[in-house]
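> Provided below for reference: sequence and predicted model.
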Amino acid sequence: MTELFSVIRMAYAATLADAVASSANAHVEAALRRDDGSLALDGEYDLPMRADLISRRGTQAGKLLSVDSHTRMQFSVHTLPIPPAIVYVAPFVWDAVALRVGGLFPEQVGAVLAPWFMEWFDPEDANRLNEEGLFGVVHFASDPRPEGALVAVELDLGSAPVQALEDLLARLAAAGARDIRLA
């Protein structure tokens, strides 16, 4: 699965890196902050968020710029056992992942998601630019919400490495998830 996730991530990371390279007057993967400099937190789990780019100058100064995936790889659904869970991986894009979890309540998914997100978010902005010119951080996670028998979460994995997604899947399985779907 690591190879598949790497290809999916690379498609988005290259698009984001190209946008960064052509936007010299922008803050890259900036955490949204309040006037006092503290992280702007939102949702039931008080999670922060990152913008892809924020313009620094001119008439666009302060404007959030979103960089979206241009393509979605096409492949058959893959399955991966991470006991006790089975992970189903349908075509998805790195910056807009629809995560669906079975076997856990929304509160249980949130209890896994929030610490995972903060770990990969880098709230202190300590990460250095990597070889792609990016910071290797997640950008957004929605609050978990019931969706039929599953719990739904929307993720923007930003420039986070493949290990971030693998870590989340392992944590959900360890918490007792039985069915994890990525699309």
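Yep, that arrived.
> By residue count, tell me the biggest helix in this protein.
helix 2-21 (DSSP state H).
> Find the residue closest to the residue sitting nearest the centre point of the chain in space, skipping its chain neighbours.
Taking Cα atoms, centre = their mean, the centroid of the chain lies closest to residue 157, which sits 2.0 Å from it. In this structure, residue 157 finds its nearest non-sequential neighbour in residue 94, 5.0 Å apart by Cβ to Cβ, 6 or more residues apart in numbering. Glycine gets a C-beta too; all of them are placed from N, C-alpha and C.
> burial of the one you found, as a residue count?
23 (other Cβ atoms under 10 Å).
> Pretty sure it sits against residue 9.
Yes: the criterion here is Cβ atoms under 8 Å, and residue 94 meets it with residue 9 at 4.9 Å.
> if you average pLDDT over stretch 152-161, what comes out?
In this model, stretch 152-161 has an average pLDDT of 98.
> what's it in contact with?
With Cβ atoms under 8 Å, 6 or more residues apart in numbering as the test, stretch 152-161 has contacts from 9, 12-13, 16, 29, 50, 52, 94-101, 109, 113, 120, 130, 132, 134-146, 164-165.
> Tell me how far the helix or strand of the chain at the bottom of the mean pLDDT ranking lies from the chain's centre.
Using mean pLDDT, DSSP states H and E, strand 64-65 stands out as the lowest-scoring helix or strand of the chain, at a mean of 85. Taking Cα atoms, centre = their mean, to the nearest Å, one finds strand 64-65 lying 17 Å from the centre of the chain it belongs to.
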